[in-house]
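**Student:** Got a predicted model here, sequence first, then my questions.
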Amino acid sequence: MTETAQVATAARLLAHDTFDNKCALRPIMDQTTSRWATLIISALIAGPHRFAQLHQRVGGISQKMLSQNLKALARSGLVARDVAPTNPPQVTYSLTELGVGLAGPLTELIQWFGRHGEQLLAAQEDYDRQQASPDA
C-alpha cells in the first residue's frame, strides 16, 4: 500500500483528524502512547494490580510518574481505580473495557520491538558508525 493510500485509509478510519494539531484527541493519544502509559497498560492486561505491584513491575518509573500516569489513564477512561473500604484503604487498578481494547494493539507494539530488537540495535550502531566516520 502506498503512503498516500495509507494516509487516506487512516483519515477514513479516524473519527478525528489526529494529524491536526488542534485535534482534541491528540493529548490523549500522546499520553496513552508514552513510554510509561504503554508499559502500565501492558502490565494491567495481566489483571488488577495494586500501586506497589505496578511500581515494581514497571521498572524505572518513579512513584510520582506512576501516579500521574494512572490519573491520566483513569481520566481517559482506560484504567479503573477501585478503593476498598479498609484501613488503610487498598487501591487496585485495572483496565476498563476501553483499556482492554487499547491493550491489545499496545502489547503488539511492544512485541514488535521484541521481535526486531536486534535489527533496531544494529541499525543504530551502523548509523552511529557512519556519523563518526570522517568520510561521512
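**Tutor:** Okay, I see it.
**Student:** pretty sure Phe51 contacts Val91?
**Tutor:** Yes: between Phe51 and Val91 a contact is recorded at 6.0 Å, counting by CB atoms under 8 Å. Placement of C-beta: from N, CA and C, glycine included.
**Student:** List the contacts of Leu120.
**Tutor:** By CB atoms under 8 Å, 6 or more residues apart in numbering, the contact list for Leu120 reads Phe113.
**Student:** Give the helix, strand or coil label for it.
**Tutor:** helix (DSSP: H, G, I helix; E, B strand; the rest coil).
**Student:** From Trp112, how far off is it?
**Tutor:** Leu120 sits 10 Å away from Trp112, going by CB to CB, to the nearest Å.
**Student:** any chance you could map the helices in this structure?
**Tutor:** Assigned helices in the chain, in chain order: 3-13, 26-32, 35-44, 51-57, 63-75, 97-132 (criterion: DSSP state H).
**Student:** In TSV: those, plus mean pLDDT and distance to Arg81.
**Tutor:** Putting these into TSV (pLDDT from 0 to 100; distance: least, CB to CB, whole Å) gives the following:
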stretch	mean pLDDT	distance to Arg81
helix 3-13	71	30
helix 26-32	84	16
helix 35-44	94	11
helix 51-57	96	10
helix 63-75	96	5
helix 97-132	93	12
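**Student:** Arg57 touches Phe51, doesn't it?
**Tutor:** No: using CB under 8 Å, Arg57 is not in contact with Phe51; the gap is 10.7 Å.
**Student:** which residues does the residue nearest to the spatial centre of the chain contact?
**Tutor:** Closest to where the C-alpha atoms of the chain average out (CA atoms, centre = their mean) is Thr38, at 2.0 Å. Contacts for Thr38 (CB under 8 Å, 6+ apart) come out as Thr32, Leu106, Leu109, Ile110.
**Student:** If we use 7 Å, what do you get?
**Tutor:** Contact analysis of Thr38 by CB atoms under 7 Å, 6 or more residues apart in numbering lists Leu106, Ile110.
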